[in-house]
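Peer 1: Here is a sequence with its predicted model. Questions after.
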Amino acid sequence: MIDATGIVKSFGKLRVLKGIDFHAGKSEVISIMGASGAGKSTLLQILGTLSSPDSGTLSIDGIDVLGLGQKVLAEFRNRKIGFVFQFHHLLPEFTSLENVMIPALIAGRTEKDSRDAALSLLSDLGLEERTGHKPSELSGGEQQRVAIARALVNNPSVLFADEPSGNLDSRTKEELHRLFFSLRDKYGQTIVIVTHDPSLAGMCDRTLYMKDGLFMDSDDIVMSGSRK
């Protein structure tokens, strides 16, 4: 589903990614861990087509995304990719239902189809009683579930999550972690999660560790004490 090779990215003289290879299969859940500054979020932004590498190749669902023009790439991103961030980025003036509908409307779906899809997802996520509430009227966990519904409304092939439970209490965090895997089982998305949370990483199909812009191999991880 995702095939990236030789990804290099620099900001000025700082080389953040130093030739990353990353591959993810269909319906696979992969976590990426590492210290702050290792390059995790930069890699996620490139894999999610929000940023371009200085060099390397990237295909998603068989499409060479780096070769797409900006308009076509934006359409591809809207249809094929969903994003969940640590901060929910919900639009405060809109209700939960309206926030979830927006990507579907941008994709050209009818208002009825967008509404039906949004209502179905919000119901699946236990928010059927909160559809008319604005973000300020929701708890942190509820806001994050609305953000997840918004990310899934166009049934993307890939879901990227950057510290999705970073601002939640321990109980809400555990519920959210279980939710990711139930969503994978129901909708079949490939999910890539950047996290500092070892409990979430331990639930994933694979965990990759980054250090200084590269993935560590298994011997390096054991020697550094990152994995027992």
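Peer 2: All right, it came through fine. Numbers count the residues shown, from 1 in each chain.
Peer 1: low-scoring stretches of the chain, by residue?
Peer 2: For the chain, applying pLDDT under 70 flags the ranges 86-88, 166-169, 218-228.
Peer 1: if we go to 50?
Peer 2: Residues of the chain that meet the criterion pLDDT under 50 lie in 219, 221-228.
Peer 1: Is the residue nearest to the spatial centre of it part of a helix or strand, or is it coil?
Peer 2: The residue lying closest to the centre of the chain (Cα atoms, centre = their mean) is residue 160, at 1.5 Å. At residue 160 the chain is in strand, as set by DSSP: H, G, I helix; E, B strand; the rest coil.
Peer 1: So it is in contact with residue 83, correct?
Peer 2: Yes. At 5.3 Å, residue 160 and residue 83 qualify as touching, with contact defined as Cβ atoms under 8 Å. Every residue, glycine included, has its C-beta placed from N, CA and C.
Peer 1: Identify the contacts common to the two.
Peer 2: Common contacts of residue 160 and residue 83 (Cβ atoms under 8 Å, 6 or more residues apart in numbering): residue 48.
Peer 1: buried stuff in whichever strand or helix holds residue 175?
Peer 2: Here residue 175, judged by DSSP states H and E, is contained in helix 170-187. By neighbour count with 16 or more other Cβ atoms under 10 Å, helix 170-187 contains the buried residues 172, 173, 176, 177, 179, 180, 183, 184, 187.
Peer 1: Buried residues, stretch 20-30. List them.
Peer 2: 20, 22, 24, 28, 29, 30.
Peer 1: In contact with the first one, which residues?
Peer 2: Taking Cβ under 8 Å, 6+ apart as the definition of contact, the neighbours of residue 20 are 4, 6, 7, 8, 39, 43, 56, 213, 214, 215.
Peer 1: Report the contact partners of the last one.
Peer 2: Right, residue 215. Contacts for residue 215 were tallied using Cβ under 8 Å, 6+ apart; they are 20, 21, 22, 208, 209.
Peer 1: now for those, which pair is the farthest apart?
Peer 2: Farthest-apart pair in the contacts of residue 215 is 21 and 209; separation 14.2 Å (Cβ to Cβ).
Peer 1: where do the strands sit along the chain?
Peer 2: For the chain, applying DSSP state E gives strands covering 2-11, 14-24, 29-34, 55-60, 63-64, 81-85, 158-162, 190-194, 206-211, 214-215.
Peer 1: Just tell me which of those strands ends up closest to residue 129.
Peer 2: With Cβ to Cβ as the measure, strand 81-85 is the member of the strands of the chain nearest residue 129 (21.9 Å).
Peer 1: Please consider this matter closed, and thank you.
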